[in-house]
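[1] Below: sequence and its predicted model.
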Amino acid sequence: MTRVLDQLPTIIRGTSDAARPTTSVLRIGNAAWLSLISAGLLTLAGILAIDLAEHAEGAASGPLGLAGVALKQAIFALLGLAAAMTIALPHYRLIKGLAIPAMAVAVLLLIFLLLPGIPSSIVTPRNGTRGWINMGPADFQPSEVAKIAYVLVVAGYMRYRREHRTFVGLIPLGILTAIPVGLIMLQPDLGTATLFAPSLLAMLLAAGARLRHLTLIVAAAMLAGPAMYPFLRPHQKTRIVALIRQFQGDQTTAGDINYQAFTAQTLIGAGGATGVGHDRARLLLELNRLPEAHNDMVIAVVALRWGLLGAVAVVLLSAAWVLGALLTAASCKEPFGRLVCVGLAAFVAAQTAINVGMNIGLLPIVGITLPFVSYGGSSILTVWLMTGLVFNVALHRPRPPFRPSFEWHDEE
């Protein structure tokens with residue numbers, strides 16, 4: 001993967017980095033614009049879809065004609081854009097110094113969520129999950145912050161190391177990953193916890209970890225998966241059973257454990273290729289009440305209103321965001337910046353794939369939002385901060401001294 005990243009800029013642009021001028025400190029023209037523009041378009045689509053879903057639930061229109069939740073999402077998006085601009089300004093090598101403190105704060109907040117005796121007015125369980133801290137006007141989800149902190153810590157740990165090219169050297173990274181993942185699973189939030197593994201795997205591949213070691217670990221995890229079933233919570237087992245019933249074509253569960261999944265798929269099908277008008281979409285949403293229509297299942301609202309073409313456009317924009325991050329990683333020859341972009345790209349890619357998969361019935365519903373599109377203050381702020389970090393790496397040239405990124409020979 002390291003060699004592929006090195007070749008991406010040449011493949012896309014048709015020119016090598018050596019042929020480009022190096023006198024400018026800032027790279028104004030860079031691939032991260034692709035991520036930034038995609039983020040803006042996805043956010044706009046999300047606000048429109050959330051507004052439609054909320055109006056179908058009977059919400060009143062507020063300023064700009066938006067429902068209250070959609071207006072809050074727009075405000076969160078503007079705050080996220082401001083945060084992205086702020087974090088893009090200082091050189092990313094300065095941000096590296098915040099990695100460990102940020103991870104420590106994230107872990108402490110994750111522990112705080114699990115402490116007994118915390119008043120429900122501060123930590124209010126949702127669907128049995130203790131994942132949010134009540135901040136008054138909005139709720140704060142520490143697991144979202146943990147994603148960014150985790151990528152920064154892992155990138156900082158691996159930037160000048162080579163231990164990850166041995167099987168034993170992967171153990172410290174496994175322990176580091178187990179800390180946030182274990183705390184998030186105790187909430188329990190299995191969906192968010194599953195996102196850390198793809199991010200680690202992508203960073204390891206970019207850092208030149210041996211494929212045979214990673215293949216062995218992935219195979220062992222897949223074999224151990226069924227053994228974890230008895231330890232799952234009842235509602236988690238129900239989601240797996242529901243998915244199996246879907247694959248079996250069992251329509252009797254459409255009004256029970258598979259109500260949310262079947263309703264989402266019904267609305268997706270009703271949208272056809274190009275979608276239905278606003279009023280008809282609102283009526284269909286009123287007649288087919290979809291739980292979490294503004295959140296986890298928002299892609300179903302997009303597909304209803306703008307059809308298969310609209311849903312595909314959202315997926316392609318998400319892919320464009322990931323591509324922009326990977327092209328930025330490819331153009332960065334400094335290891336920390338490269339790993340940050342790869343790790344963040346993996347988070348967004350995995351989250352998008354799981355969210356779309358559970359909406360169309362390929363994966364169990366595990367409570368994962370669609371980046372930039374689903375409602376959520378913590379979620380939209382986090383993905384915009386990710387965008388700012390990617391733009392930061394693309395904007396600033398590496399400051400010497402630094403060692404080129406992970407140029408290993410097979411015998412090393």
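    Yep, it's here.

[2] which residue ranges form the strands in this structure?
    Using DSSP state E, the strands found in the chain span residues 133-134, 139-140.

[3] Serialize those to CSV and add fields for mean neighbour count, mean pLDDT and distance to Leu216.
    Any C-beta I mention is one placed from the backbone N, CA and C, and that applies to glycine too. Formatted as CSV, these follow (neighbours: other CB atoms under 10 Å; pLDDT from 0 to 100; distance: least, CB to CB, whole Å):
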stretch, mean neighbour count, mean pLDDT, distance to Leu216
strand 133-134, 16, 91, 39
strand 139-140, 16, 90, 38
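
[4] Mind putting the ones you listed into TSV with distance to Ala349?
    As requested, those are exported to TSV (distance: least, CB to CB, whole Å):
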stretch	distance to Ala349
strand 133-134	28
strand 139-140	25
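
[5] and of those, who's closest to Gly277?
    For Gly277, the closest of these is strand 139-140, at 33.8 Å, according to CB to CB.

[6] ok now that closest one, how far from the chain's centre?
    Relative to its chain's centre, strand 139-140 lies at 17 Å (CA atoms, centre = their mean, to the nearest Å).

[7] Show residues contacting that strand.
    Strand 139-140 is contacted by residues 124, 132-133, 377-378 when judged by CB atoms under 8 Å, 6 or more residues apart in numbering.

[8] Next, the contact list for Leu317, please.
    Leu317 makes contacts with 38, 41-42, 45, as judged by CB under 8 Å, 6+ apart.

[9] Buried ones among the residues you listed?
    Applying 16 or more other CB atoms under 10 Å to the contacts of Leu317, the neighbour count classes 38, 41-42, 45 as buried.

[10] wait, which of those is closest to Leu170?
    Leu170 lies nearest to Ser38 out of the buried ones among the contacts of Leu317, by CB to CB, at 32.7 Å.

[11] Take the contacts of Leu317 and write them to TSV, including pLDDT.
    TSV is the format used below for those (pLDDT from 0 to 100):
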residue	pLDDT
Ser38	98
Leu41	98
Leu42	98
Ala45	97
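
[12] so where's the protein uncertain?
    With pLDDT under 70 as the threshold, the chain has low-confidence stretches at 1-24, 224-225, 227, 229, 231, 235, 400-412.

[13] Residue nearest the middle of it, spatially speaking?
    Val348 (3.4 Å; CA atoms, centre = their mean).

[14] Scan the protein for its longest helix.
    The residue-count maximum for a helix in the chain (DSSP state H) belongs to helix 298-331.

[15] Identify the residues contacting the closest residue to Val356 other than its chain neighbours.
    Nearest non-adjacent residue to Val356, counting by CB to CB, 6 or more residues apart in numbering: Ile299, 5.9 Å away. Counting by CB under 8 Å, 6+ apart, Ile299 touches 268, 311, 314, 355-356, 359, 370, 373.

[16] and of the residues you listed, the nearest to Ile111?
    Comparing these against Ile111 with CB to CB places Asn355 closest, at 27.3 Å.

[17] which residues touch that closest one?
    Contact analysis of Asn355 by CB under 8 Å, 6+ apart lists 296, 299, 368-370, 374.

[18] try it again with 7 Å
    With contact set as CB atoms under 7 Å, 6 or more residues apart in numbering, Asn355 has these partners: 296, 299, 368-370.

[19] Looking at those, which are in helices?
    With DSSP H as the criterion, helices contain Ile299 from among those.

[20] Helices along the stretch 151-300 of the chain, start to end?
    Under the criterion DSSP state H, counting those that start in this stretch, the stretch 151-300 of the chain carries helices at the ranges 171-185, 190-193, 196-206, 211-224, 234-247, 259-270, 278-287, 298-331.

[21] Throw these into a markdown table and include distance to Lys72, thanks.
    Converted to a markdown table, the helices of the stretch 151-300 of the chain look like this (distance: least, CB to CB, whole Å):
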| stretch | distance to Lys72 |
| --- | --- |
| helix 171-185 | 25 |
| helix 190-193 | 21 |
| helix 196-206 | 28 |
| helix 211-224 | 38 |
| helix 234-247 | 27 |
| helix 259-270 | 23 |
| helix 278-287 | 19 |
| helix 298-331 | 15 |
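
[22] for the ones you listed, which one sits closest to Thr382?
    Within the helices of the stretch 151-300 of the chain, the stretch nearest Thr382 is helix 190-193; the backing value is 11.0 Å (CB to CB).

[23] Just the CA trace of that closest one, in CSV.
    Extracted as CSV, the C-alpha positions of helix 190-193 are listed here (Å, rounded to 0.1, in the frame of the first residue of the first chain):
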residue,chain,number,x,y,z
LEU,A,190,-20.7,-2.1,19.1
GLY,A,191,-21.1,0.0,15.9
THR,A,192,-18.6,2.7,16.8
ALA,A,193,-16.2,0.2,18.3
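
[24] just checking, what packs against that helix?
    helix 171-185 (3 or more CB pairs under 7 Å, 6 or more residues apart in numbering; DSSP states H and E).

[25] So what's the residue count around the nearest residue to Thr352 once chain neighbours are set aside?
    Distances taken as CB to CB, 6+ apart place Ser318 nearest to Thr352, at 4.4 Å, with adjacent residues excluded. Look at Ser318: counted by other CB atoms under 10 Å, it has 24 neighbours.

[26] pretty sure Ser318 is touching Gln351, no?
    No. Counting by CB atoms under 7 Å, Ser318 stays clear of Gln351, with 8.9 Å between them.

[27] shared neighbours of those two, which are they?
    Listed as contacting both Ser318 and Gln351 by CB under 7 Å, 6+ apart are Pro371.

[28] can you put the contacts of Ile299 in CSV and add distance to Arg239?
    Below are the contacts of Ile299 laid out as CSV (distance: CB to CB, whole Å):
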residue, distance to Arg239
Ile268, 19
Ala311, 22
Val314, 24
Asn355, 14
Val356, 16
Asn359, 14
Leu370, 18
Val373, 22
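
[29] Farthest-apart pair in those residues, please.
    So, the contacts of Ile299 by CB to CB: farthest apart are Ile268 and Val373, at 14.6 Å.

[30] Have a look at the two and say which one is more surrounded.
    When neighbours are counted by other CB under 10 Å, Ile268 and Val373 differ, and Val373 comes out ahead with 30 against 22.
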